[in-house]
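Chemist: My questions concern the predicted model and sequence given below.
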Amino acid sequence: MPTDLTLVDDHFCFACGKNNPDGLGLKFEYPEPGRCRAEFVPAEKFQGWKGVLHGGIISTLLDEALAHALGSSESGAGGSGAVTAELLVRFKKPVPIGQKAVLTGRVSSVKGRVAEAESELADESGTVLASATGKLVKPKA
């Protein structure tokens, strides 16, 4: 893989790309710099066990929130231009198919090109169903 990889947003991201008809269709809000929020109703096509959201999709949601939180700290909104270097996911409770879940992300620290962030997926009552911490790396300028 070339080391001079340029990251290009063609709006086809599986998680938030508006041009991807098979994606998750996330639409983030940015209540303040370094934070993001999105609501998501899992469709049956994303289930693992009957009635339960697949763990890989949960991980994708949490990962995407890390990047959007970082993007909001840099530009006020949107993707960060960074890539995930490390992701630790904690699955706490099943995420039901067909019920609204609330996804949030928050930047913890930024040191040079490395940022640390946290994300959570909760039900409408605020019960945390899954959470993650991660490190993101910004490409060299």
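Modeler: Sure thing, it's come through. Numbering: from 1, shown residues only.

Chemist: use CA for all of it now, contacts and neighbours both
Modeler: OK.

Chemist: got a pLDDT number for the closest residue in space to Gly55 that isn't next to it in sequence?
Modeler: Nearest residue to Gly55 in three dimensions, chain neighbours excluded: Gly48, at 7.2 Å (CA to CA, 6 or more residues apart in numbering). Reading off the confidence values, Gly48 has pLDDT 97.

Chemist: separation between Gly48 and Arg113?
Modeler: 35 Å (CA to CA, to the nearest Å).

Chemist: What of Phe12?
Modeler: 25 Å.

Chemist: Taking the centroid of this structure, which residue is nearest it?
Modeler: Glu64 (1.9 Å; CA atoms, centre = their mean).

Chemist: residue ranges with poor pLDDT in this protein?
Modeler: Along the chain, segments meeting pLDDT under 70 span 1-5, 74-80.

Chemist: hang on, the earlier thing: measure the residue nearest to Gly55 to Pro96 for me?
Modeler: Relative to Pro96, and taking CA to CA, Gly48 is found at 10 Å.

Chemist: Which of those two has more residues huddled nearby?
Modeler: Shown here are Gly48 and Pro96; by other CA atoms under 10 Å, Pro96 has more neighbours (20 against 14).
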